[in-house]
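Novice: coordinates only, no sequence provided:
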């Protein structure tokens, strides 16, 4: 295999939704002459073209209303695009909602067969997979109970278990990966990893950048129905977060809770790193403008990786240091000696507030630092492994 | 090991042709594709029908017997109220059989149409979340209606045996013809109305009312001879006979209501009933095709309208 074949091809797909504000005959007749005024249309997708290769895992991310779920439904054939076309091959299973088609009055067993049929499995295939499905879900005892008596956890476990046993070439997933308790979630993630290693193609919609960062080898960022970014996951997640921040700033600006009226504002923050005695030290210089001194104030700081995983968070309150509290500009340096994080880029969020929880100012991703690739191994942590020969066990 | 699995899968997929997603066929050319699509989902359809039937009577101790209570109650009411109290039974021999024949075939029609109309709405959860040829929902309603019809029909046949009027004439051939006519018309209406109902919810209420009116527009609790005596074959009677359900009811009566032929000298059937039924069936098939095409046009936006 030189180049993996295209499994889904989305060509110039646009989707327009028309919102009717009236539904009944009476309203329609009454408003017939000015019916244009009672409908509103907007473009949920605008000229989207994607080419998804066999075996890749693609994450669709974006804000609420950016069109990612619509795109997934168009790929799944549930919604027809207004213009453009979608081509696809192989067997597809869409997990847009767990347990779609479960009938509360039927038993777990009957629902397994029904749901499997809905997802495209024949009866013989279901017969063959049945034991595995039940075993994976871990609810053997209740399989002949009506599902309306199931707890919600049991319900989604069974539904998820059916969904992953249908042997799809393409799996469409919409926000349903995090189900059940922690051991079950881990089981699900293992199964997804197994799917990937088996060369199945996965297209998933998620709000969790952590999940997307962990699973996907390609991220498509959508905004107002257009593709903002297509490719590298880290970059995609950064763009997405920038977008969130921009929105947060806009909200801040519109409510004018930020800037001059706040007693303390964040003027700047700059992170740099240094290497001394084989240790990796992080230094963050923070500039604060004090406009209106309060009895006490403090700085909060957190570090996260580009996938959005929060690695560390702290405030200055327990540190027993009095911060300068006079009107004017102050520079404060925070030093973090011996930071042991793995290779990559890290974002720093800084906030100002008091110990009662009031936030004066907050900027996420105000600065960042990079850790170069060195040492042995890779991952979130940077460790310094040593081999000790001849040591006794226990 | 796993990587070779992946390679095999990739190879298999790369050899498959790319197919367009969803139903994007032309108005006329799409018929065959739609039929193929529905055919490939026949197993699922039968499961959905069974789900409906099972779920309906799951927690009741009498279970399936309940599906008989309704038509039998109707039979009792019409038998006593109209037949005995109002005295219609005097002119109609074997009145109970007569009414039950009409009720059985009429029941099939109403159930197909009324549950067909709401079928897409009732399965909104599935329509919005999973891609299926959506025709299977109204067709599923047809399936569960057929199930009820089969039970009633069996009782009807037993009843004719009990009364000693088991049909053994060649008129029996009217029964399958009438049955197919009702099936085709009902399915055409069910498919069409189910798709329209998604956009205009008033349709389901309209259908309910229309079915009540239509019940009296067919000779179910009164015989055709009453109509003929009043109208004497004028244009109004011809109009009355253009109703395919009326024709099917008449056909069923001719087939199974033996007393109507042997013990009555009234004109219980119009002339050329067979020809009329065949014409109705032909028109019905055209309508079925048209309604499927309309459905296929409208179904593209189902998911967002629900």
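Specialist: Great, that's in hand. Because the structure is predicted, anything quoted here is derived from the model rather than measured.
Novice: need the helices for the stretch 201-350 of chain A, in chain order.
Specialist: For the stretch 201-350 of chain A, helices defined by DSSP state H, counting those that start in this stretch occupy the ranges A:209-215, A:233-255.
Novice: comparing those by mean pLDDT, which bottoms out?
Specialist: Across these, helix A:233-255 has the smallest mean pLDDT, namely a mean of 65.
Novice: contacting residues around residue B:169?
Specialist: Residue B:169 sits next to B:258, B:261 when contact means Cβ atoms under 8 Å, 6 or more residues apart in numbering or on different chains. Every C-beta, even on glycine, is put in place using the N, C-alpha and C of the backbone.
Novice: phi, psi of the residue in chain A that chain B sits nearest to?
Specialist: Distances between chain A and chain B by Cβ to the nearest Cβ are smallest at residue A:199, namely 2.8 Å. For residue A:199, the backbone dihedrals (degrees, to the nearest 10) come out as phi 80, psi 20.
Novice: for it, which non-adjacent residue is spatially closest?
Specialist: Closest residue to residue A:199 apart from its sequence neighbours, by Cβ to Cβ, 6 or more residues apart in numbering or on different chains: residue B:6 at 2.8 Å.
Novice: how about the helices in the stretch 1-150 of chain A?
Specialist: Assigned by DSSP H, counting those that start in this stretch, the helices in the stretch 1-150 of chain A fall at A:25-30, A:68-76, A:108-118, A:123-137.
Novice: residues in contact with the nearest residue to residue A:327 once chain neighbours are set aside?
Specialist: Closest residue to residue A:327 apart from its sequence neighbours, by Cβ to Cβ, 6+ apart: residue A:290 at 5.4 Å. Residue A:290 is in contact with A:263-264, A:324-330, counting by Cβ under 8 Å, 6+ apart.
Novice: so the helix or strand residue A:184 falls within versus helix A:123-137, what angle?
Specialist: If you go by DSSP states H and E, residue A:184 is part of helix A:182-197. Relative orientation of helix A:182-197 versus helix A:123-137 (axes from the mean of the first three to the mean of the last three Cα atoms, to 10 degrees): 130 degrees.
Novice: burial count for whichever residue of the stretch 151-300 of chain B sits closest to chain A?
Specialist: The stretch 151-300 of chain B approaches chain A most closely through residue B:300 (3.6 Å), counting by Cβ to the nearest Cβ. Each residue near residue B:300 was counted by other Cβ atoms under 10 Å in any protein chain shown, and the total is 17.
Novice: what do you get for residue B:63?
Specialist: 12.
Novice: what's the neighbour count on the residue in chain B that chain A sits nearest to?
Specialist: Using Cβ to the nearest Cβ, residue B:6 is the residue of chain B that sits closest to chain A, at 2.8 Å. Neighbours of residue B:6 under the rule other Cβ under 10 Å: 19.
Novice: now do residue A:152
Specialist: Neighbourhood size, residue A:152 [other Cβ under 10 Å]: 10.
Novice: if I look at it, how far off is residue A:158?
Specialist: For residue A:152, the distance to residue A:158 equals 11 Å [Cβ to Cβ, to the nearest Å].
Novice: got it, and residue B:38?
Specialist: 28 Å.
Novice: swap in residue B:117?
Specialist: Residue B:117 sits 32 Å away from residue A:158, going by Cβ to Cβ.
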